[in-house]
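# take a look and give me a structure for this.
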Amino acid sequence: MKLIVIGGGWAGCAAAIAARKAGAEVEIFERTDMLLGVGNVGGIMRNNGRYTAAEELIALGAGELIDIMDRNAIHKNVDFPQHKHAWLCDVSKVEPEVRKYILSLGIKVNFTSRAINVVKEDKKIKAIKFYGKDTVEGDVFVESTGSTGSMDNCNKYGNGCVMCVLRCPTFGMRVSLSSKAGISDIPGERGDGTIGAFSGSCEIPRESVSPEILKELEEKGSAVLKVPEEDINMDKLNSKVCQQYALKEFAENIVLLDTGHIKVMTSYYPLEKLRKIKGLENARYIDPYSGGIGNSIRYLSSTPRGNDMKVNGLDNMFVAGEKAGFFIGHTEAMGTGTLAGHNAVRSHLGLETIILPRETAIGDIIAYANERLNTEDGRKVRHTFSGAEYFERMKKLGLYSINNAEVKKKIEDLGLTDIFNKKL
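Residues are numbered from 1 along each chain as shown. Model (predicted):
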């Protein structure tokens, strides 16, 4: 069987790996020239409940991408406001290593391949049409095209195209394929009802911070710098994608994290104000390039799906990552991607698809995200293991643990050990 993955971010890579291990022939089609998508400016792992989810993935037999991130961690067990035991990974080293691993499995990767439409017959996708290239047929499909952009949306709902890591002006617009197949997208909302939300952080180069701050970052992994009182803007917190950072500490301070480049934990911040802060007098943005005025707009097109990640209304399309709901983060993308890729193979073989039990954090967040969509404010909530509403739920339900043996035993008791490592 042939499985086509559209979108090579963390979710798409996880889906491809899971499907390949299950025995499928797999191709990834990525519209840019790099894998990992917005993950190329991420780098925060194992913070708060993500630690539990990472260990679940390892126990479930889907820990390959977690292992790569762990190997590239330059700081471990870092605490910063409202976040504990974070591992900070060097984002400049991760993509080449993931690419090498993907190719070693015999997965074919097609870069600069922008999907623009589907060929559909009844409730089945027959093929994907690509801009300037051939139509590609497949047996089953995983859409992990994300929810960021295009430029039109960033202009309409944000502060314009700020040239983020996805580089839409260069590689063209993101297209929702499930929408092309007739399935209506679900857009996320901000607190005021505006569609979408701003990406949660920016990056500045190491050489643009003072030697004193750089030393602190290299020693501790993080630095917290006071914002001048006249520049504190609490209102901007409502526009952020990452609700786990929409806290007053992130308005009253500039929080810096060392992820290879220096991560600035704010959606955007006027450059002239950033340079008022001691040690940042020479700061400049490298992602997004116009981080002084805006960031990319995300959560514009999630797809209705079941808890097995199959698209509602289509027989052979599965979704993962932000395309599957209002999920935030690498670990969340890996979890949804792994399930989507594995279940895509199961579905084509006529096997019953897997729904992860709610005794697992990954299974619970997938089901809970669906349930919340049916509530009054459901489109305004983002779901992440690392904070905000869902992490509080994790703690309340007893799903949060940083005891590796305890997490491993839970997966074993559920009969799920290495379930994603088995060829079907």
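# contacting residues for the residue lying closest to D308 once chain neighbours are set aside?
Spatial nearest neighbour of D308, chain neighbours left out: T353 (3.9 Å); criterion: C-beta to C-beta, 6 or more residues apart in numbering. (Glycine included, C-beta is placed from N, CA and C.) By C-beta atoms under 8 Å, 6 or more residues apart in numbering, the contact set of T353 is 308, 310, 343, 346-347.
# ditto for I128
So I128 contacts 4, 6, 29, 115, 117-119, 135-136, 138, 141, 177 (C-beta under 8 Å, 6+ apart).
# and it, that's in a helix?
No - counting by DSSP: H, G, I helix; E, B strand; the rest coil, I128 is not part of a helix but strand.
# can you pull up the most central residue in the chain?
Relative to the mean C-alpha position of the chain, the nearest C-alpha, by C-alpha atoms, centre = their mean, is the one of G329, at 3.9 Å.
# from G9, how far off is it?
Going from G329 to G9 by C-beta to C-beta, to the nearest Å gives 12 Å.
# try L280
Distance from L280 to G9, by C-beta to C-beta: 30 Å.
# these two: who's more crowded?
Taking neighbours as other C-beta atoms under 10 Å, L280 and G9 compare with G9 leading, 30 against 23.
# still on that earlier bit, without its sequence neighbours, what residue ends up closest to the residue nearest to the centre of the chain?
G329 sits nearest to T384 (C-beta to C-beta, 6+ apart), 5.3 Å away.
# my guess is the one you found contacts Y390. True?
Yes - here T384 lies in contact with Y390, judged by C-beta atoms under 8 Å, at a distance of 5.9 Å.
# need the overlap of contacts for those two.
With C-beta under 8 Å, 6+ apart as the test, T384 and Y390 both reach G49.
# where's stretch 305-313 relative to the chain centroid, distance-wise?
Distance of stretch 305-313 from the chain centroid (C-alpha atoms, centre = their mean, to the nearest Å) equals 19 Å.
# no wait, stretch 269-284
Distance, centroid of stretch 269-284 to centroid of chain: 28 Å (C-alpha atoms, centre = their mean).
# which elements pack onto the longest helix seen in the chain?
If you go by DSSP state H, the chain has its longest helix at helix 330-348. If you count contacts as 3 or more C-beta pairs under 8 Å, 6 or more residues apart in numbering; DSSP states H and E, helix 330-348 packs onto strand 2-6, helix 10-21, strand 44-45, helix 50-59, helix 64-71, strand 140-143, strand 317-319, helix 361-373.
# just checking, what packs against the longest one?
The criterion is 3+ C-beta pairs under 8 Å, 6+ apart, and the helices and strands that helix 361-373 contacts are helix 50-59, helix 330-348, helix 388-397.
# now E137: closest residue in space, sequence neighbours ignored.
A127 (4.3 Å).
# now do the contacts for I297.
148-149, 153-154, 157-158, 196-199.
# how about stretch 197-212: buried residues?
Using 16 or more other C-beta atoms under 10 Å as the test for burial, stretch 197-212 gives 197-204, 208-209.
# cool, stretch 142-155 as well?
Those would be 142-151, 153-154, for stretch 142-155 by 16+ other C-beta under 10 Å.
# which one in these is the model shakiest on?
Here the lowest pLDDT out of the buried residues of stretch 142-155 sits on G149, with 80.
# you'd agree it is up against M173?
Yes - counting by C-beta under 8 Å, G149 does reach M173; the two are 6.5 Å apart.
# wait, is K156 part of a strand?
No - K156: not assigned to a strand; according to three-state DSSP it is helix.
# any idea how far S150 is from it?
Distance from K156 to S150, by C-beta to C-beta: 10 Å.
# P288 reaches V264, doesn't it?
No - look at P288 against V264 with C-beta under 8 Å: they stay out of range, at 11.2 Å.
# identify the contacts common to these two.
Counting by C-beta under 8 Å, 6+ apart, the residues touching both P288 and V264 are C202.
# may I ask which helix or strand of the protein has the lowest mean pLDDT?
Least confident helix or strand, the chain: helix 249-252 with a mean of 80, by mean pLDDT, DSSP states H and E.
# would you pull up how far that one lies from the middle of the chain?
23 Å.
# mean confidence score for the very next helix or strand once past that helix?
Of the helices and strands lying after helix 249-252 in sequence (DSSP states H and E), the nearest is strand 253-259. Across strand 253-259, the average pLDDT comes to 95.
# again with stretch 83-93
On average, stretch 83-93 scores 96.
# tell me the contacts of K21?
Per C-beta under 8 Å, 6+ apart, neighbours of K21: 105, 420-423.
# out of those, what pair is the most spread apart?
Pairwise distances across those peak at 15.3 Å for L105 and K422 (criterion: C-beta to C-beta).
# in the stretch 201-350 of the chain, where is pLDDT below threshold?
In the predicted model of the stretch 201-350 of the chain, residues 234-247 satisfy pLDDT under 70.
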